[in-house]
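*Asks:* Structural data only, the sequence is not supplied:
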């Protein structure tokens with residue numbers, strides 16, 4: 001199992017809305033994420049900095065490379081774009097985090 005961690009950035013005042021939208025995640029999006037092998041996907045919020053910390057596991061992280069081309073992924077990004085920092089293509093502005101320690 002491969003692991004990936006990254007951070008994203010929530011806009012001020014949208015903490016509750018971010019959680020609400022994820023509590024109501026679209027079934028088609030959940031299915032797509034599972035289809036590419038994503039497991040144990042968690043997102044945490046640092047309420048002081050509004051930084052979102054995401055962690056996921058997948059059998060092959062290269063399979064995630066095709067997600068941006070999926071229409072449901074593009075629709076989700078557009079849906080979320082008003083409450084978080086985003087790139088010009090609506091994908092969330094994110095920073096990959098290198099692993100520095102792992103206890104199995």
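*Replies:* Cool, the structure landed. Keep in mind it's a predicted model, so treat the numbers as computed, not measured.

*Asks:* Show the model's pLDDT score for the closest residue to residue 81 other than its chain neighbours.
*Replies:* Excluding its sequence neighbours, the residue lying closest to residue 81 (Cβ to Cβ, 6 or more residues apart in numbering) is residue 90, at 4.7 Å. C-beta here means a position set from N, CA and C on the backbone, and glycine is covered the same way. For residue 90, the model assigns a pLDDT of 94.

*Asks:* burial of residue 90, as a residue count?
*Replies:* Residue 90 has 17 neighbours, counted by other Cβ atoms under 10 Å.

*Asks:* List the residues that contact it.
*Replies:* 74, 77-78, 81 (Cβ atoms under 8 Å, 6 or more residues apart in numbering).

*Asks:* can you redo the residues you listed as a markdown table with neighbour count and secondary structure?
*Replies:* Shown next, in a markdown table, are the contacts of residue 90 (neighbours: other Cβ atoms under 10 Å; DSSP: H, G, I helix; E, B strand; the rest coil):
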| residue | neighbour count | secondary structure |
| --- | --- | --- |
| 74 | 15 | helix |
| 77 | 18 | helix |
| 78 | 13 | helix |
| 81 | 16 | coil |
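
*Asks:* Now flag whichever of the residues you listed is closest to residue 68.
*Replies:* residue 74 (7.4 Å; Cβ to Cβ).

*Asks:* Can you show me the helices along the chain?
*Replies:* All helices of the chain, identified by DSSP state H, fall at 15-23, 27-35, 71-80.
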